[in-house]
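1. this is the structure alone, sequence omitted:
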């Protein structure tokens, strides 16, 4: 992550700026706009659920109904994609989904910043899930962890070729998770920014078309924000289930 202070055009939306420069034993702990907007996304999600369940009612209001739908949605996802012993990780999947969702959405606020448009952030989330599944697999199977890289029924002569391929595909999991989320959020916001700049550069009569298209794309971006949070979380569920599978 590189801090920048200048830029032009739509790329400024993706530039990281340090607000407070901090360093400890050579480790950069600076507070940047990416950090601030991650805090804001987490705080927004926390406040939403706190308000939704502050005074729970038998007949839920709007916030409570929406929060219960979100809870039921993630619970159903975990139940369908993770074996029963893995349901203890529901709280992790719940937190992961809504953190990513709100991190995606805060970038749609005028003047906002999308934390998930930074590859370092999506990579950190992906590596965290990857390490978590590796630890689960080792705790579950011990040294049997390595048998997962040896496909059953293959001739011994082919194993030197297949084992590295299996290991490479396993290691590629966090890469695909990180790049997918980063690329989709970056691409969507770039398109919105380009259309907005185009609308401001042409006569106001003609700019009605880009304005209308921006409104439509804004709705699409909200949908994409949800879909990307869903894909990231459901793949995390699949990886946890795979880690619990017998080898």
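-> Nice, thanks for sending it over. Computed from a predicted structure; not experimentally measured.
2. and residue 53, what does it touch?
-> 64, 67 (CB atoms under 8 Å, 6 or more residues apart in numbering). Every residue, glycine included, has its C-beta placed from N, CA and C.
3. any idea how far it lies from residue 65?
-> Distance of residue 53 to residue 65, given as CB to CB, to the nearest Å: 11 Å.
4. repeat that for residue 186.
-> With the distance defined as CB to CB, residue 186 ends up 33 Å from residue 65.
5. neighbour-wise, which of the two wins?
-> residue 186 (19 against 13; other CB atoms under 10 Å).
6. isn't the more buried one right up against residue 14?
-> Yes: contact criterion CB atoms under 8 Å: residue 186 and residue 14 qualify, at 6.6 Å.
7. give me the common contacts of the two.
-> Common neighbours of residue 186 and residue 14, counting by CB under 8 Å, 6+ apart, are residue 117.
8. what about residue 43, neighbour count?
-> Residue 43: 11 surrounding residues under other CB under 10 Å.
9. state the helix or strand in which residue 173 lies.
-> According to DSSP states H and E, residue 173 maps onto helix 159-200.
10. after that helix, which helix or strand is next?
-> Sequence order places helix 208-244 as the next helix or strand after helix 159-200, per DSSP H and E.
11. tell me what that following helix is packed against?
-> helix 62-81, helix 90-105, helix 119-141, helix 159-200 (3 or more CB pairs under 8 Å, 6 or more residues apart in numbering; DSSP states H and E).
12. so of those, which one's packed in deepest?
-> Highest mean neighbour count of those: helix 90-105, a mean of 21 (counted as mean count of other CB atoms under 10 Å).
13. that one: how far from the chain's middle?
-> Centroid separation for helix 90-105 versus its chain: 7 Å, with CA atoms, centre = their mean, to the nearest Å.
14. likewise for stretch 25-43?
-> Put simply, stretch 25-43 sits 16 Å off its chain's centre (CA atoms, centre = their mean).
15. ok, the closest residue to residue 44 other than its chain neighbours - contacts?
-> Nearest residue to residue 44, sequence neighbours excluded (CB to CB, 6 or more residues apart in numbering): residue 102, at 5.4 Å. Residue 102 makes contact with 41-42, 44-45, according to CB under 8 Å, 6+ apart.
16. could you pull up phi and psi at residue 58?
-> phi -60, psi -40 (degrees, to the nearest 10).
17. could you report the pLDDT at residue 5?
-> For residue 5, the model assigns a pLDDT of 40.
18. and for residue 168?
-> Looking at residue 168, its pLDDT reads 88.
19. that one and residue 216, how far apart?
-> According to CB to CB, residue 168 and residue 216 sit 41 Å apart.
20. what distance do you get for the spatially most central residue of the chain to residue 230?
-> The centroid of the chain falls nearest to residue 100 when counting by CA atoms, centre = their mean (4.2 Å). Using CB to CB, residue 100 is found at 9 Å from residue 230.
21. contacts for stretch 157-176?
-> Residues outside stretch 157-176 that contact it (CB under 8 Å, 6+ apart): 123, 126-127, 129-130, 148-151, 154, 235, 239.
22. quick one: mean pLDDT for stretch 39-50?
-> So the average pLDDT for stretch 39-50 ends up being 94.
23. what does that stretch contact?
-> 63, 67, 98-99, 101-103, 105-106, 115.
24. quick check: residue 49 vs residue 137, distance?
-> Residue 49 is 31 Å from residue 137, by CB to CB.
25. centre of the chain to stretch 110-118, how far?
-> So, by CA atoms, centre = their mean, the centroid of stretch 110-118 is 13 Å from its chain's centroid.
26. much appreciated, bye for now.
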